[in-house]
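Undergrad: Provided below are the primary sequence and the corresponding predicted coordinates.
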Amino acid sequence: MHDVPDHAEPPHAPPGADDAVGPGPSRRPVEAVLFDFHGTLAQVEEPREWVLAAAASCGVTLERMRATALADRLLTAGRAGGPLPARVPPRLAELWADRDLYPHAHRGAYTGLAETVDAGIEGFAEALYERVLVPEGWVPYPDTAPTLAALRAAGVPVAVVSNIGFDIRPIFAAWGLADLVDAFTLSYEVGRCKPDPGIFLRACGMLGVDPERALMVGDTPADAGAVAAGCGVLVLPAAEAGRPNGLGTVLDVAGVDQRR
């Protein structure tokens with residue numbers, strides 16, 4: 001290595017060198033954003049509150065310690081919007097496989113899993129499932145509304161792309177967010193489940209945007225399947241209910257001015 005004196009001046013580039021270097025890497029343009037629902041825009045209610053509310057709808061008031069114990073067992077069995085079941089009984093295997101394609105399969109799979117836990121409460125499994133169908137059973141992340149509003153203000157269309165067996169539009173309407181979503185691409189309506197590229201292509205078609213100019217935002221490898229459709233992908237870790245989910249990153253990636 002040659003020593004360079006402290007006062008040395010930087011070497012001069014030969015004429016035309018700047019042109020040879022060319023521009024740096026350009027940011028991929030984002031003209032539309034596709035969002036996953038569960039774990040990305042919203043989270044299911046806290047497990048113990050889920051159990052307490054379901055029991056109350058059956059006319060039963062549970063002690064909180066019993067509700068906590070029941071919630072732990074039900075989470076192991078499998079909860080809609082919760083962790084995957086530790087085991088799916090053979091009698092439920094077909095319903096489980098089709099749960100995101102048909103409403104009856106979604107309901108049958110999750111009520112069947114809940115029935116494997118004996119709570120001694122008549123109608124409890126159905127009451128637990130009903131909680132996932134109502135706005136009160138979900139908690140939108142605190143940065144969901146501001147992010148959707150900022151995208152709308154910037155003229156960036158939005159679709160919600162979800163593997164799900166029921167209509168979530170009424171939930172968004174109850175939260176006052178329905179007008180911030182341009183399209184809902186739900187697996188049970190389109191007959192495709194993530195990571196199948198078809199569901200992402202359908203969402204882009206509904207928005208009228210080229211997949212290569214769309215960004216899919218989710219929290220699982222299934223959401224990353226959008227790459228096969230040509231979309232950009234941003235995967236964010238799911239947060240607990242009520243905690244920010246880092247959705248502001250979407251605005252940075254999409255180049256949206258957050259000072260609007």
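TA: Everything's here; your move. Numbers count the residues shown, from 1 in each chain.
Undergrad: count of neighbours near residue 73?
TA: 14 (other CB atoms under 10 Å). All C-beta spots, glycine's among them, are computed from the backbone N, C-alpha and C.
Undergrad: that one: which element?
TA: Secondary structure assigned from DSSP states H and E places residue 73 in helix 64-77.
Undergrad: what residues sit buried inside whatever helix or strand comes next after that helix?
TA: With elements assigned by DSSP H and E, the helix or strand that comes after helix 64-77 is helix 93-97. Residues of helix 93-97 classed as buried: 95-96 (neighbour count, 16 or more other CB atoms under 10 Å).
Undergrad: tell me what the helix holding residue 73 is packed against?
TA: helix 47-57, helix 103-114 (3 or more CB pairs under 8 Å, 6 or more residues apart in numbering; DSSP states H and E).
Undergrad: what do you get if the cut-off is 10 Å, keeping everything else the same?
TA: helix 47-57, helix 103-114, helix 124-131 (3 or more CB pairs under 10 Å, 6 or more residues apart in numbering; DSSP states H and E).
Undergrad: all strands of the stretch 101-250 of the chain, in order?
TA: 138-140, 158-162, 183-186, 214-218, 232-235 (DSSP state E, counting those that start in this stretch).
Undergrad: now the helices for the stretch 151-260 of the chain?
TA: 169-174, 187-190, 197-207, 248-254 (DSSP state H, counting those that start in this stretch).
Undergrad: which stretch in the ones you listed is the model least sure about?
TA: Lowest mean pLDDT within the helices of the stretch 151-260 of the chain: helix 248-254, at a mean of 91.
Undergrad: give me the contacts around that one.
TA: 27-33, 35, 40, 143, 146-148, 150-151, 154, 156, 158, 215, 217, 232, 234, 236, 256-258, 260 (CB atoms under 10 Å, 6 or more residues apart in numbering).
Undergrad: weed out the non-buried ones from those.
TA: By 16+ other CB under 10 Å, those give 30-33, 35, 40, 143, 147-148, 150-151, 156, 158, 215, 217, 232, 234, 236, 256 as buried.
Undergrad: circling back to that earlier point, any chance of the strands of the stretch 101-250 of the chain in CSV, plus distance to residue 113?
TA: CSV is the format used below for those (distance: least, CB to CB, whole Å):
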stretch, distance to residue 113
strand 138-140, 19
strand 158-162, 20
strand 183-186, 21
strand 214-218, 24
strand 232-235, 27
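Undergrad: so which of the helices of the stretch 151-260 of the chain gets nearest residue 65?
TA: Nearest of the helices of the stretch 151-260 of the chain to residue 65, taken as CB to CB: helix 169-174 at 30.5 Å.
Undergrad: report all helices and strands that the closest one contacts.
TA: strand 138-140, strand 183-186.
Undergrad: for stretch 198-216, buried residues please.
TA: So, applying 16+ other CB under 10 Å, buried residues of stretch 198-216: 199-204, 206-207, 209, 211, 213-216.
Undergrad: start to end distance for it?
TA: Using CA to CA, to the nearest Å, the end-to-end distance of stretch 198-216 comes out at 13 Å.
Undergrad: surely residue 79 meets residue 71?
TA: Yes: assessed by CB atoms under 10 Å, residue 79 is found in contact with residue 71 at 8.7 Å.
Undergrad: what sits in contact with each of these two?
TA: Counting by CB under 10 Å, 6+ apart, the residues touching both residue 79 and residue 71 are 47, 50-51, 128.
Undergrad: nearest to residue 181, of the residues you listed?
TA: Distances from residue 181 to the shared contacts of residue 79 and residue 71, taken by CB to CB, are shortest for residue 50, at 25.0 Å.
Undergrad: distance of the closest one relative to residue 154?
TA: 36 Å (CB to CB, to the nearest Å).
Undergrad: ditto for residue 38
TA: Counting by CB to CB - residue 38 and residue 154 are separated by 25 Å.
Undergrad: equivalent analysis for residue 89, please.
TA: With distances taken as CB to CB, residue 89 is found 48 Å from residue 154.
Undergrad: low-confidence stretches in this protein?
TA: 1-28, 258-260 (pLDDT under 70).
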